[in-house]
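> Make a model of this:
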Amino acid sequence: MTAWQKLQKIAPAAIGACLFVLSIGAIHSELHHYGWQNVLTSFQGIVKTRLAGAFALMLINYIILTGYDTLAMFYLGQSLPLAKTSFVALLVTPLVTVWVWPSSVAVPFVTGSINPGRFPPPSLPSDRLL
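Modelled structure (predicted):
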């Protein structure tokens, strides 16, 4: 195995570990002036019905993502056990939330364009952009 192949093999895990460390650092820098007691008190102040509703929506999201993955495998002519498909949905949800959602929803909302890299922004009056 060449050095390049070794690098290609370990690079995804190394990049993932670096991103994890950076995210922990970002969370720490945002919360460093709050004590643990303040954070726990804030969490305890969340209305239980809203917390249950958020949990229910999260479960529905996992079920939908599992259905999408199962449908994709069907169209590819492959089959995977439902446990593996749902595990992939569990892994993909944070990626969709952090990477895909901002680029597909937030950027068009701010710029007024579906995909600012491919389409010119619409000609709207400046007071209607935001």
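> Can you pull out the low-pLDDT segments for this protein?
Low-confidence regions of the chain, defined here as pLDDT under 70, cover residues 93-130.
> residue boundaries of the helices in it?
Per DSSP state H, the chain has helices spanning 3-31, 36-44, 48-76, 82-95, 101, 107-111. These are given in chain order.
> Export these as CSV, with columns for mean neighbour count.
For glycine as for every other residue, the C-beta is placed from the backbone atoms N, C-alpha and C. Rendered in CSV, the data for the helices of the chain read as follows (neighbours: other C-beta atoms under 10 Å):
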stretch, mean neighbour count
helix 3-31, 10
helix 36-44, 9
helix 48-76, 12
helix 82-95, 13
helix 101, 12
helix 107-111, 14
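> Give me the distance between T70 and P81.
Using C-beta to C-beta, to the nearest Å, we find T70 at a distance of 10 Å from P81.
> Equivalent analysis for Y75, please.
Applying C-beta to C-beta, the value for Y75 to P81 is 18 Å.
> again, but for G25
37 Å.
> likewise A14?
For A14, the distance to P81 under the criterion C-beta to C-beta works out to 30 Å.
> again with A17
Computed as C-beta to C-beta, the A17 to P81 distance reads 28 Å.
> and if you look at V39?
Applying C-beta to C-beta to V39 and P81 gives a distance of 39 Å.
> and if you look at V92?
According to C-beta to C-beta, V92 and P81 sit 17 Å apart.
> One more: A72?
To P81, A72 is 15 Å away according to C-beta to C-beta.
> What is the neighbour count of L80?
Other residues near L80 come to 15 when the count uses other C-beta atoms under 10 Å.
> quick one, phi psi at it?
In this entry, L80 is assigned phi and psi values of phi -130, psi 150 (degrees, to the nearest 10).
> That one contacts A72, doesn't it?
No: with the criterion set as C-beta atoms under 8 Å, L80 and A72 do not qualify as a contacting pair; they are 10.0 Å apart.
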